[in-house]
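Engineer: Got a predicted structure here, sequence first:
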Amino acid sequence: MTSPAQSQAPANTGKVPVSCCIRTQNEAARIGEVIAAALRVTDDVVIVDSGSTDDTVAIAEGLGARVFHQPWLGNGGQKRAAEDRALHPWILDLDADEVLTDELIAEIRGLFAKGEPPHSVYELTFITAPPVGEPWYNLRHIMRNKFYDMRVVRAPDHRAWDQFEVPKGVTVGKLKGYVLHYSFRDFAHFSEKMNRSSSSRARESKLKPMWSVALRVIAGPPFYFLKHYLMRGLWKAGLYGFVISGISSHARWQRDIKMYEIHLRARDAGKVRNAG
């Protein structure tokens, strides 16, 4: 599937036929660095902004990105809005705090050296760059399918989820270069992000049965903590990693208690209807 805008693609400028799609809202602190790196790959950076009040839009336009104002459609819906405005069929999906490394830039450009890349979807490796210290190269890496041909697959039109399912029969390539993810400014910012995410996922995800939610509320926290601290390898980050594991596991537990609250409100609403 292609968008009408693709017929307006500019003449060859030496860049590969990729559109970089970025969702923004008050991202002035990092957006310039993100766009500058993306422009080393593509001549088309698409910004879909949901109401920034800082200098995000001015910075993006000053660097040559195409900026579109779009009220928030949800995580997946906002990505689809960006896809619809892309000039090229290949999409590099970045958040406004994700910066391409030199190695990954060279690798993406190399994929098009002999025409179309051999795969329709590519998995990228994301390395967290904390506010203090070196990027967490030695921790368990986060993998996401965020470089893809939208003639084959598109972002899901979903309020909470923005990661697509790979269609049956489609093979996924893996790129070796990293994306540096500057995902939080400090512990308070990380906690705020996790709280917002837990609210969105509790509200938009399929509601689990009451017994399942209650069990998770009671027994979930230690398992959530160990998942982050041990399985993701945050123990390698010392006390800093311990704190991040604690915030992350608490946010996962918040999702459970918010689902529990949804059940309680639904039950009370049923009592009101029955009383009427």
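Structural biologist: Alright, I've got the coordinates. As the structure is a computational prediction, the values presented were derived from the model and not from experiment. Numbering: from 1, shown residues only.
Engineer: could you pull out the helices for the stretch 1-150 of the chain?
Structural biologist: Counting by DSSP state H, counting those that start in this stretch, the stretch 1-150 of the chain has helices at residues 31-38, 56-62, 75-84, 102-111.
Engineer: starting at the chain centroid, how far to the second one?
Structural biologist: The one in question is helix 56-62. 21 Å (CA atoms, centre = their mean, to the nearest Å).
Engineer: other SSEs contacting that helix?
Structural biologist: For helix 56-62, the helices and strands in contact under the criterion 3 or more CB pairs under 8 Å, 6 or more residues apart in numbering; DSSP states H and E are strand 18-24, helix 31-38, strand 44-49, strand 66-69. In short, each C-beta sits where N, CA and C put it, glycine included.
Engineer: Which among these is found nearest to M150?
Structural biologist: Nearest to M150 among the helices and strands packed on helix 56-62 is strand 18-24 (8.8 Å), distances taken as CB to CB.
Engineer: ok, the closest one: who's next to it in the sheet?
Structural biologist: Strand pairing for strand 18-24, using DSSP bridges, gives strand 44-49 (parallel), strand 90-95 (parallel).
Engineer: is it possible to export the helices and strands packed on helix 56-62 to JSON lines including mean neighbour count?
Structural biologist: Converted to JSON lines, these look like this (neighbours: other CB atoms under 10 Å):
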{"stretch": "strand 18-24", "mean neighbour count": "26"}
{"stretch": "helix 31-38", "mean neighbour count": "21"}
{"stretch": "strand 44-49", "mean neighbour count": "26"}
{"stretch": "strand 66-69", "mean neighbour count": "15"}
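Engineer: So for R144, which of the ones you listed sits nearest?
Structural biologist: Here strand 18-24 is closest among the helices and strands packed on helix 56-62 (CB to CB), at 13.7 Å.
Engineer: between the closest one and helix 102-111, how many degrees?
Structural biologist: 140 degrees (axes from the mean of the first three to the mean of the last three CA atoms, to 10 degrees).
Engineer: On the pLDDT front, check A275 for me.
Structural biologist: With respect to pLDDT, A275 scores 58.
Engineer: count of residues packed around W72?
Structural biologist: Burial of W72 is recorded as 14 neighbouring residues (other CB atoms under 10 Å).
Engineer: wait, I meant P222
Structural biologist: P222: 10 neighbours (other CB under 10 Å).
Engineer: ok, now how distant is it from A28?
Structural biologist: Note on P222: its distance to A28, by CB to CB, to the nearest Å, is 39 Å.
Engineer: Mean pLDDT for the helices and strands packed on helix 56-62 - can I get that in JSON lines?
Structural biologist: Formatted as JSON lines, the helices and strands packed on helix 56-62 follow (pLDDT from 0 to 100):
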{"stretch": "strand 18-24", "mean pLDDT": "97"}
{"stretch": "helix 31-38", "mean pLDDT": "97"}
{"stretch": "strand 44-49", "mean pLDDT": "98"}
{"stretch": "strand 66-69", "mean pLDDT": "97"}
